[in-house]
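Novice: sequence? don't have it. structure:
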């Protein structure tokens with residue numbers, strides 16, 4: 001909790017680098033989540049919430065080391081939500097980290113972990129990611145998501161600069177995203193799947209209907225009714241790969257929600273494998289980052305295709321992407 005002191009009926013909060021550039025009203029809403037937005041807006045207008053001792057506009061852009069003063073007339077309570085991470089939680093997070101830059105952290109998410117919500121990756125990085133400067137309005141968080149049982153790379157913000165930069169790369173389509181998956185059936189050529197998910201996507205709590213989605217499916221290995229596939233996605237719709245693979249007639253093996261009838265699978269194999277930019281990005285701090293397949297998924301692929309074929313297919317494909 002960043003409270004300097006109480007002075008003449010005001011509590012003082014000092015802004016840090018991760019608050020800089022954000023609007024005053026948005027910083028205060030993050031800082032005081034228990035206060036209704038209307039009360040915050042009126043408090044700013046009436047001068048009950050000031051910056052550096054002066055009445056300011058809601059749209060004022062925060063500068064590092066600004067001091068926000070909140071009148072005692074604005075009823076609120078603010079507790080420190082940056083609790084020290086338990087030793088085991090820190091160890092677990094360290095084990096999942098693939099790459100850390102100044103502004104970003106890349107996590108190899110295990111199967112069964114939610115991206116957001118209770119006992120999720122978001123909660124883990126909130127308390128367990130080290131070296132994060134205390135801030136009024138910024139908390140490290142995942143910058144995109146994977147389904148609970150999809151494994152692999154997720155980018156996490158270490159600073160507001162990293163969050164803005166990575167989000168911009170996604171929005172501008174500069175970040176290529178490659179997945180490895182195991183499909184039922186035999187696609188005999190590269191397929192470009194481009195259409196609105198519409199009713200193909202099951203209800204997930206978000207309305208993805210009507211949004212265009214683009215997936216490229218490339219078969220790598222085939223044996224006994226299974227195909228090891230590389231997927232490149234140009235969009236990031238909910239269940240995009242699962243829905244597109246099913247609609248094309250090649251559902252992920254074991255993905256019963258999307259039509260797989262294969263026996264002997266406890267779940268599907270889909271792994272966020274490689275994130276790549278056209279060139280090294282100084283602001284983001286990386287060009288290419290990759291995450292190893294989970295041991296269980298790798299063993300399942302080896303049991304179907306054989307170790308040498310799996311290793312060669314993955315190595316050749318990875319080299320082809322990176323080079």
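Specialist: Received the coordinates, thanks. Bear in mind that the values here come from a model prediction, so they are computed numbers and not experimental data. Numbering: from 1, shown residues only.

Novice: helix, strand, or coil at residue 166?
Specialist: Following DSSP: H, G, I helix; E, B strand; the rest coil, the label given to residue 166 is helix.

Novice: just the helices from the stretch 151-300 of the chain, written as ranges.
Specialist: 160-171, 240-247, 295-305 (DSSP state H, counting those that start in this stretch).

Novice: ok, now the stretch 1-150 of the chain?
Specialist: Assigned by DSSP H, counting those that start in this stretch, the helices in the stretch 1-150 of the chain fall at 24-31, 37-46, 87-96, 121-128.

Novice: give the buried residues for the first one.
Specialist: Of the residues in helix 24-31, those buried under the neighbour-count criterion (16 or more other Cβ atoms under 10 Å) are 24-25, 27-29, 31. (Each C-beta comes from the backbone N, C-alpha and C, glycine too.)

Novice: cool, and the second one?
Specialist: Using 16+ other Cβ under 10 Å as the test for burial, helix 37-46 gives 39-40, 43-44.

Novice: confidence score at residue 118?
Specialist: On the pLDDT scale, residue 118 is placed at 87.

Novice: on that earlier part again, residue 301 is nearest to which of the helices of the stretch 1-150 of the chain?
Specialist: helix 87-96 (21.1 Å; Cβ to Cβ).

Novice: mind checking how far the spatially most central residue of the chain is from residue 239?
Specialist: The chain has residue 144 as the residue nearest its centroid, 2.8 Å off, counting by Cα atoms, centre = their mean. Per Cβ to Cβ, to the nearest Å, residue 144 is found 14 Å from residue 239.

Novice: also residue 146?
Specialist: 11 Å.

Novice: swap in residue 136?
Specialist: On the measure of Cβ to Cβ, residue 136 and residue 239 end up 36 Å apart.

Novice: now residue 70
Specialist: The value you get for residue 70 to residue 239, if Cβ to Cβ is used, is 43 Å.

Novice: and what of residue 12?
Specialist: Taking Cβ to Cβ, one finds residue 12 at 47 Å from residue 239.

Novice: same deal with residue 228?
Specialist: 20 Å.
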